[in-house]
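>>> the following comprises the amino acid sequence and a computationally predicted model.
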Amino acid sequence: MTSEIDLFGLLVPVLLLDAVIALFVQILLGRVLSALRLYRLFWHPALVDVSTYFLCLGAVVAVLHRVHP
């Protein structure tokens with residue numbers, strides 16, 4: 001696997017694209033948590049956001065790189 005993708009002549013690191021995908025997944029997850037009022041169960045909601053982002057990033061990297069090694 002290459003570590004960069006050619007995007008209209010610009011070499012973009014694969015991890016950057018994975019991070020953007022994980023950001024959108026985390027935003028959707030945050031909206032679900034907010035709609036279900038689950039943030040009130042946590043002491044510090046910002047820490048929940050950061051931890052869910054890194055969990056989403058790990059999941060995106062694992063799934064995408066298993067599908068396309």
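Happy to help now that I have it.
>>> which is the next helix or strand following the least confident helix or strand in the chain by mean pLDDT?
Counting by mean pLDDT, DSSP states H and E, the weakest-scoring helix or strand in the chain turns out to be strand 4-7, with a mean of 86. Downstream of strand 4-7, the first helix or strand assigned by DSSP states H and E is strand 10-13.
>>> mind listing what's buried in that next one?
For strand 10-13, the neighbour count (16 or more other C-beta atoms under 10 Å) marks no residue as buried. Using the backbone N, CA and C atoms, a C-beta is placed for each residue, glycine as well.
>>> and the least confident helix or strand of the chain, what does it pack against?
Judged by 3 or more C-beta pairs under 8 Å, 6 or more residues apart in numbering; DSSP states H and E, strand 4-7 is in contact with strand 10-13, helix 14-35.
>>> give the buried residues for it.
If you call a residue buried by 16+ other C-beta under 10 Å, then strand 4-7 has no buried ones at all.
>>> where's the residue most central in space within the chain relative to residue 37, distance?
Centroid-nearest residue in the chain, with C-alpha atoms, centre = their mean: residue 22, separated by 1.5 Å. The gap separating residue 22 from residue 37 is 24 Å, by C-beta to C-beta, to the nearest Å.
>>> sorry, back to before: isn't the residue nearest to the centre of the chain right up against residue 62?
No - here residue 22 lies out of contact with residue 62, judged by C-beta atoms under 8 Å, at a distance of 11.1 Å.
>>> who's in contact with the residue sitting furthest away from the middle of the chain?
Taking C-alpha atoms, centre = their mean, the residue of the chain most remote from its mean C-alpha position is residue 9, at 25.0 Å. Listed by C-beta atoms under 8 Å, 6 or more residues apart in numbering, residue 9 has no contact partners.
>>> phi and psi next, for it.
Backbone torsions of residue 9, given as degrees, to the nearest 10, read phi 90, psi 0.
>>> one more: residue 38?
phi -90, psi -10.
>>> residue ranges with poor pLDDT in this structure?
Within the chain, the ranges that satisfy pLDDT under 70 run 1-2, 68-69.
>>> quick one, what contacts the residue nearest to the centre of the chain?
Shown in contact with residue 22 (C-beta under 8 Å, 6+ apart): 53, 56-57, 59-60.
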